[in-house]
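**Student:** Next input, structure requested:
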Amino acid sequence: MPNFRRIQKTGGTTYIVSLPKKWVEARLKKGDAVQIFEHGNDLVISAAIKPKGQETARLDFDGNLPRLVRQVIAYYLDGTDRFFISCGVEERAVIQDELKSRVPGLEVVEDEPAGVLMQNLLAQTGISFHATLRRLHSLCLAMLDALYKNLESGSVRPLDALERESDRFFILAFRQLGHIQQADSDVHQHAVYYVIVIKSLEKIADHAFIFSKHSASLPPERRKALLRQVQSAREAYVAALQALLKKDAAAAEDALELITSLRPSALPNDFLSYNVQRVLDYSSDVAEMTLDMFSPD
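**Tutor:** Below is the predicted model:
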């Protein structure tokens, strides 16, 4: 049965509405928060589930650092922000450095005899998904630019730092997509498409990183040919991402046409050209997702 409540004004500027006693007592206690969001023409009030970020995941370090990192990332993606790692004093520096370098926002907040408490400080800043997406774009573009410079100079300036940073932001983006609130209508509505976009960016960064390891060992003529391919891949990538960030379906159409024109009829059948081809393919995926999300109905 509908339960009607009258809106009241208090303090001259604030509107309030009371909640049914039985509903509150069954779901809430004093001091709890409720979620309020628009759904069509309705205003919905929902009992807020206790955020996982307020819980503490307790993990025992058994000497296997990669396993510990995987465990922390799994909890992090599920929304956990606090981690107590049981470990010896002599192991802490390595554990802290590795987790801080792999998990966005994670910092040590307490050092106890039994272990360390680490917390995701990004959770308190409220960084938006779109800000994360823009940062991912800038990191991928930096990797493609660094790859081009390596080919141009015949040197191998490592992309390890950029690759590690991009991995951290991919993890953050996937976590954000997994916990998008209904009130964030744009991302909530298109979450599935954004997952494909993020995976495409992750693959573009991976291919640039793999390619970069081989740039110095190439003869000059081969480097010259690959430079043209990498420049085309960069151009395609920029066109696709600009269309996405502007939410512009027409620009996405233009990006797809550009990618078709840049894609050679045949690339040499080798490992490095394959990596360039994949950058074009994933850029095309981004443009197609942009069309799916933002084309007029």
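**Student:** which parts of the strand or helix carrying residue 93 are buried?
**Tutor:** If you go by DSSP states H and E, residue 93 is part of helix 92-102. Within helix 92-102, the residues that count as buried by 16 or more other Cβ atoms under 10 Å are 92, 95, 96, 99, 102. C-betas here are computed from N, CA, C, even on glycine.
**Student:** And for stretch 186-200?
**Tutor:** 187, 190, 193, 194, 197, 198, 200.
**Student:** Could I have the CA atoms of it written out in PDB?
**Tutor:** The C-alpha trace of stretch 186-200 is given here as PDB (Å, rounded to 0.1, in the frame of the first residue of the first chain):
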ATOM      1  CA  ASP A 186      25.700   8.200 -17.600                       C
ATOM      2  CA  VAL A 187      28.200   5.700 -16.300                       C
ATOM      3  CA  HIS A 188      25.600   3.400 -14.700                       C
ATOM      4  CA  GLN A 189      23.600   3.300 -18.000                       C
ATOM      5  CA  HIS A 190      26.700   2.500 -20.100                       C
ATOM      6  CA  ALA A 191      28.800   0.400 -17.600                       C
ATOM      7  CA  VAL A 192      29.000  -2.600 -19.900                       C
ATOM      8  CA  TYR A 193      30.300  -0.400 -22.800                       C
ATOM      9  CA  TYR A 194      32.800   1.300 -20.500                       C
ATOM     10  CA  VAL A 195      34.200  -2.200 -19.400                       C
ATOM     11  CA  ILE A 196      35.000  -2.900 -23.100                       C
ATOM     12  CA  VAL A 197      36.600   0.600 -23.400                       C
ATOM     13  CA  ILE A 198      38.800   0.000 -20.400                       C
ATOM     14  CA  LYS A 199      39.800  -3.400 -21.600                       C
ATOM     15  CA  SER A 200      40.700  -1.900 -25.000                       C
END
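**Student:** Which residues does that stretch contact?
**Tutor:** Contact with stretch 186-200 is made by 129-130, 133, 136, 170, 173-174, 176-177, 180-182, 244, 282-283, 285-286, 289, 292-293, as judged by Cβ atoms under 8 Å, 6 or more residues apart in numbering.
**Student:** cool, and stretch 274-285?
**Tutor:** Residues contacting stretch 274-285 (Cβ under 8 Å, 6+ apart): 144, 196-197, 200-201, 203-204, 207-208, 210-211, 226, 229-230, 232-233, 236-237, 239-241, 255-256, 259, 262-263, 267.
**Student:** if we go to 6 Å?
**Tutor:** Residues from elsewhere that reach stretch 274-285, judged by Cβ atoms under 6 Å, 6 or more residues apart in numbering: 200, 203-204, 207, 210-211, 229, 233, 236-237, 240, 259, 263, 267.
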